[in-house]
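**Student:** Requesting a structural model of the entry that follows:
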Amino acid sequence: MKVVDALKDSRFVVTRLTPSQVGALGVIGILGEEAGLILNAHFEAYSKSSIQTLDIGSLVAGDWHHTIVMNQSVSDSAEGTVPQRQEKSECVVLVKTGTETWEIHVHGGQAVTKSLLKTFVLAGAAEIPWNEWFACNGSNYRNNVIRDQLARVDGFYAAQILTRQLSGYFQRDIKQIQQLICKSGKSQDNLKKAQAVINRLEQSARVGMRLAEPWQVILLGPVNAGKSSLLNALAGYARSIVSPHAGTTRDVLATRVVLNGWAVDLTDTAGFHPVSDFQQLAPSIEKEGIERAMEAARSADLILNVRALNDPQKDEVSLGSGGEGGPPSLEVGTKADLSDSKQSIGKSISAGLIVTSAHTGEGLDELVKLIIETLIPEAREPTDYFLGGVPITSEDLDVVKELHKKIEIYSRDL
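**Tutor:** Numbering: from 1, shown residues only. Sure, this is the predicted structure:
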């Protein structure tokens, strides 16, 4: 139901502005002329002030009085139960966000939030999705995109970047460039400042355009190479099946993790057989699993070529680095804790192999560091790529490209 239609069919609308999961805070939004009547009936400010006297943007703490219904036995001789009504108070913060809009902030438990929503719905409010709420409150398209992405991101770096954009960092940078190249009396100093900002915007765009989309990392390698154990060690729990029998994994299995603040999907795949006996040993279902693994690898952002350090076999079916134009790759050696692996570790390090052990945790920190540096070289320290404005939509990119052209014209006119 659209907000305009909801306001026509009911006296006001209500929505949950925080995720439906349990959290530290729950926020409910209310909009409409009739909202004040319900607030007056249930809210009592600690300061005893009237909510009608609140200015827009002000807040007040108080008690929210709502009724709960409990089934209670009436007597030993009577059969069944009867509903008993009991009033309960909750500490809330009421915020006046507009002439007819309010927010109620409560602790993040589900029971209180649901009770508040039910109170407004029973009073005639239409419950609407949060994104329609922001649309009806005059938020621009870009801010709605940011809020939608914020609701979906996992890594805290992406959340930080999006929060800065919601605060207007991108618009601030664009305005700065416009002012620099529109000033009377062109100068090299203005040109350098404008170029520095536009370069940062362009360099941050690759990451900014996919903040809500996790980076895809595929684990490839021969059967029993320790791919599933490595994935589980990185994820911190047993997501993939681990077995001493070769070829346990038959399908691609993705696990969402946050590595050094960035969301990554680690995908476990079927193990490859040596080229020499692949056709003879691999049944059709196993061949299908390997084909799926190879297809997933072609669209990955990074390939981890995994092999056990105690396995001398080098002749595997593998995509390597994905070929020219394909995804980059890292070479990972597993099972470093096994006694028969230790003699090959020295050679592995010199060959550029990342030596790891899922059992002891050896090499995992270094592997995570290299994964993130390969996926997001822009995030290497020191850098300020993501501390200011970041393009997050195709419209943002169009604005940046247009300003780049104007800077080039400005440079030629000097």
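**Student:** what about the helices in the stretch 1-150 of the chain?
**Tutor:** 3-9, 35-42, 110-122, 130-136, 141-150 (DSSP state H, counting those that start in this stretch).
**Student:** Can you list the buried residues in the second one?
**Tutor:** By neighbour count on 16 or more other CB atoms under 10 Å, the buried set for helix 35-42 is 35-36, 38-39, 42. C-beta here means a position set from N, CA and C on the backbone, and glycine is covered the same way.
**Student:** who touches the spatially most central residue of the chain in this structure?
**Tutor:** Among the residues of the chain, the one closest to the centroid is residue 153, at 1.0 Å (CA atoms, centre = their mean). By CB atoms under 8 Å, 6 or more residues apart in numbering, residue 153 lies in contact with 159, 162, 211-212, 263.
**Student:** Tell me how confident the model is about stretch 361-373, as a mean pLDDT.
**Tutor:** Here stretch 361-373 scores 94 as its mean pLDDT.
**Student:** can you list contacts of that stretch?
**Tutor:** So stretch 361-373 is contacted by 217, 233-234, 259-260, 262, 264, 302, 304, 330, 332, 336-337, 354-358, 379-380 (CB under 8 Å, 6+ apart).
**Student:** Look up how far residue 35 lies from the nearest residue to residue 92 once chain neighbours are set aside.
**Tutor:** Among residues not flanking residue 92 along the chain, residue 64 sits closest, at 4.5 Å (CB to CB, 6 or more residues apart in numbering). To residue 35, residue 64 is 14 Å away according to CB to CB, to the nearest Å.
**Student:** show me where pLDDT drops low in the chain?
**Tutor:** Scanning the chain for pLDDT under 70 picks out 1-11, 67-87, 135-139, 237-252, 273-290, 312-325, 339-351, 381-382.
**Student:** ok so, going back, out of the contacts of residue 153, who has the most neighbours?
**Tutor:** Within the contacts of residue 153, residue 211 tops the neighbour count with 24 neighbours, counted by other CB atoms under 10 Å.
**Student:** list the contacts for that residue?
**Tutor:** 149, 153, 158, 161-162, 392.
**Student:** and those as TSV, adding distance to residue 98 and secondary structure?
**Tutor:** Putting the contacts of residue 211 into TSV (distance: CB to CB, whole Å; DSSP: H, G, I helix; E, B strand; the rest coil) gives the following:
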residue	distance to residue 98	secondary structure
149	24	helix
153	28	coil
158	30	helix
161	28	helix
162	24	helix
392	26	coil
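**Student:** With residue 123 as the reference, measure out to residue 41.
**Tutor:** 8 Å.
**Student:** oh, I was asking about residue 115
**Tutor:** 13 Å.
**Student:** Could I get the full set of helices for the stretch 251-400 of the chain?
**Tutor:** With DSSP H, counting those that start in this stretch as the criterion, the stretch 251-400 of the chain has helices spanning 278-281, 284-298, 342-350, 364-375, 394-413.
**Student:** For the longest one, buried residues please.
**Tutor:** To tie it back to what came earlier, the one meant is helix 394-413. 396-397, 399-400, 403-404, 407, 410.
**Student:** Between helix 141-150 and that helix, find me the angle.
**Tutor:** Helix 394-413 and helix 141-150 are oriented at 120 degrees to each other (axes from the mean of the first three to the mean of the last three CA atoms, to 10 degrees).
**Student:** which residues touch helix 394-413?
**Tutor:** 141-142, 170, 174, 177-178, 181, 186, 190-191, 194-195, 198, 201-202, 205, 208-209, 391.
**Student:** one more time with 7 Å, if that's ok
**Tutor:** Helix 394-413 is contacted from outside by 170, 174, 177, 181, 186, 191, 194-195, 198, 201-202, 205, 391, using CB atoms under 7 Å, 6 or more residues apart in numbering.
**Student:** got a markdown table for those, with distance to residue 58 too?
**Tutor:** What follows is these, written out as a markdown table (distance: CB to CB, whole Å):
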| residue | distance to residue 58 |
| --- | --- |
| 170 | 29 |
| 174 | 32 |
| 177 | 36 |
| 181 | 41 |
| 186 | 47 |
| 191 | 45 |
| 194 | 40 |
| 195 | 44 |
| 198 | 40 |
| 201 | 37 |
| 202 | 42 |
| 205 | 39 |
| 391 | 35 |
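**Student:** Can you tell me which of the residues you listed lies closest to residue 26?
**Tutor:** Closest approach to residue 26 among the contacts of helix 394-413 (CB to CB): residue 170, at 29.5 Å.
**Student:** can you give me the strands for the stretch 1-150 of the chain?
**Tutor:** For the stretch 1-150 of the chain, applying DSSP state E, counting those that start in this stretch gives strands covering 12-16, 25-31, 43-45, 59-73, 81-96, 101-107, 125-127.
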